[in-house]
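> from the sequence below, what's the structure:
(2 chains)
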Amino acid sequence: MFFASKSIGIPQEGLGEREALRDEEWALVVRVREGDRCAFDLLVRRYRERLYGLVYHMISNAADAADLTQDIFIQAFRCIGSFRGKSSFFSWLYRIGVNKTLEHIRRHRRRQFFSVQAIDEQGLGESFWRDISATEASDKSAYLSELQEKLNEALQRLSDKHRMVVVLYEIENLSHAEIAAVLKCSEGTVRSRLHYAKEQLKEFLKEYA
Amino acid sequence: MSDERLSQLLKLKAAEKPSPDFWERFEASLERRCVQELCARPSPIQALRENLRHRKQGLAFFSLAAAGLALVVLNFSPRSPLAQGPFGPSSSWDRPNHILSREYVRDTLSSPRSVRPLSTDVLSPNPGASRYVCDRLSGHSPSLGSGLGSSATCF
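Modelled structure (predicted):
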């Protein structure tokens, strides 16, 4: 289903577990405020991969993404006193990440170097490899590299706000509600942007249909 | 292209992962930067900026303080509309200042005095009766007009 509910930021098992996760994160935040660096390390380890993924897929540059992800964590560390627990820590951290990333893109709009990373082949489903086998491409790795570059190019042709929604929904697997909370807009706006962005991506990638 | 096919292509992006030793370097670098952050003392301007950015109460306080200061300055400025009163500069609002001004006192003192001698006729239509009353009150002065009329002034 197109508008299927999905969530990784907040577990879907139930309200109780959601509350438990928030309580656990809040306890970690309190410990960081009291000067416990180990608590901050735990928060970093919990969210670093997803935050890095958001930044990397937005700017398509691995080296810059690493620096920017560190900047985001340092900003969170500096401002953790202002986190009041009204939203989840994850939403708060992602909001910092989104703002920092958009700021970076605005600053470096004229200086863009794209790079691709190695693919974790186990992360792809069987159906993907079945489709690859069905293609007439003689060299699968070359085909994958080409596809990666085309995908990067297509994503970069989207506007920042449309790319952000696609990255958060399709790649980071956030739900519409979570994206709305992170971007501080309505769910309807998220759905509308997602629909428009997908239509554009289909047009850009029609040769791979 | 269907939505499913697009989602499948985008999974390729999601499968892009950094190398395993990437996170070790990342953690070491982040720890170093966090320690630098802890050791670095922010300049007063930076501290104020951070404080203002994250504390709405601070911003509200500064706004109120600025508004209060502006009101005080306007109230004590002689040319300000607030100091001229609700009916403009010619109203009676600023009259006390005019009476106490140096120019007014100087003009008043330098103008010739108009002396009008008091007449016993003003006090009483019957001079004889008046004199009699005054004589009775003062005990020894036979004339009322000579004593009061010379010193009475009228502005």
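
> list the buried residues for the helix or strand where residue A:45 lies?
Element membership for residue A:45, per DSSP states H and E: helix A:37-59. If you call a residue buried by 16 or more other Cβ atoms under 10 Å in any protein chain shown, then helix A:37-59 has these buried ones: A:39-44, A:46-48, A:50-59. C-betas here are computed from N, CA, C, even on glycine.

> what average pLDDT does it get?
For helix A:37-59, mean pLDDT rounds to 90.

> gap between the helix or strand following it and the chain center?
Under the assignment DSSP H and E, the closest C-terminal helix or strand after helix A:37-59 is helix A:62-78. With Cα atoms, centre = their mean, to the nearest Å as the basis, helix A:62-78 stands 14 Å off its chain's centre.

> quick one: helix A:62-78 to helix A:37-59, angle?
Taking axes from the mean of the first three to the mean of the last three Cα atoms, to 10 degrees, one finds helix A:62-78 and helix A:37-59 inclined to each other by 140 degrees.

> can you name the residues in contact with helix A:62-78?
Outside of helix A:62-78, the residues that reach it under the criterion Cβ atoms under 8 Å, 6 or more residues apart in numbering or on different chains are A:32, A:40, A:43-44, A:48, A:51-52, A:55-56, A:59, A:92-93, A:96-97, A:100-101, A:104, A:108, A:115, A:117, B:18, B:22, B:26, B:29-30, B:33-34, B:37, B:50.

> let's go with 7 Å and repeat that
Outside of helix A:62-78, the residues that reach it under the criterion Cβ atoms under 7 Å, 6 or more residues apart in numbering or on different chains are A:40, A:44, A:48, A:51-52, A:55-56, A:59, A:93, A:96-97, A:100-101, A:104, A:115, A:117, B:18, B:26, B:29-30, B:33-34, B:37.

> determine the longest helix present in chain B.
In terms of residue count, the longest helix belonging to chain B (DSSP state H) is helix B:56-76.

> and it, what does it pack against?
Contact analysis of helix B:56-76 by 3 or more Cβ pairs under 7 Å, 6 or more residues apart in numbering or on different chains; DSSP states H and E lists helix B:44-54 as its packing neighbours.

> tally of neighbours for residue A:92?
22 (other Cβ atoms under 10 Å in any protein chain shown).

> hang on, it packs against residue A:83?
Yes - using Cβ atoms under 7 Å, residue A:92 and residue A:83 qualify as a contacting pair, with a distance of 5.4 Å.

> mind giving me the domain ranges of chain A?
A:11-110, A:139-209 (automatic domain parsing).

> mind listing the strands for chain A?
For chain A, no strands turn up when DSSP state E is the criterion.

> so, low pLDDT: which residues of chain A?
When the per-residue scores of chain A are filtered using pLDDT under 70, the ranges that remain are A:1-15, A:110-116, A:118-138, A:209.

> centroid residue for it?
A centroid search over chain A (Cα atoms, centre = their mean) returns residue A:54, at 2.9 Å, as the residue closest to the centre.

> what stretches of chain B score poorly on pLDDT?
Within chain B, the stretches falling below the threshold (pLDDT under 70) are B:41-44, B:46-48, B:50-58, B:77-102, B:104, B:111-155.

> same thing but 90
B:1-21, B:23-24, B:27, B:30-65, B:67-155 (pLDDT under 90).

> who in it is up against chain A?
Contact residues (Cβ under 7 Å from any Cβ of the partner chain) of chain B with chain A: B:1, B:3, B:5-19, B:26, B:29-30, B:33-34, B:37, B:54.

> which ones among these are found in strands?
For the residues of chain B next to chain A, membership in strands holds for none, with DSSP E as the criterion.

> from the residues you listed, which would you call buried?
For these, a neighbour count by 16+ other Cβ under 10 Å gives the buried set as B:1, B:6, B:8-18, B:26, B:30, B:33-34.

> next, the contact list for residue A:25, please.
Shown in contact with residue A:25 (Cβ under 7 Å, 6+ apart): A:88, A:89.

> look up how far residue A:182 lies from it.
Between residue A:25 and residue A:182 the distance, using Cβ to Cβ, to the nearest Å, works out to 16 Å.

> same check on residue B:33?
Distance of residue B:33 to residue A:182, given as Cβ to Cβ: 24 Å.

> mark out where each domain of chain B begins and ends.
If the domains of chain B are taken from automatic domain parsing, they occupy B:24-85, B:113-155, with pieces of a single domain joined by a plus sign.

> and residue B:71, how far from chain A?
Distance, residue B:71 to chain A, by Cβ to the nearest Cβ, to the nearest Å: 32 Å.

> what about that residue, neighbour count?
When neighbours are defined as other Cβ under 10 Å, residue B:71 has 11 of them.

> do the same with residue A:184
Applying other Cβ under 10 Å, I find that residue A:184 has 10 neighbouring residues.
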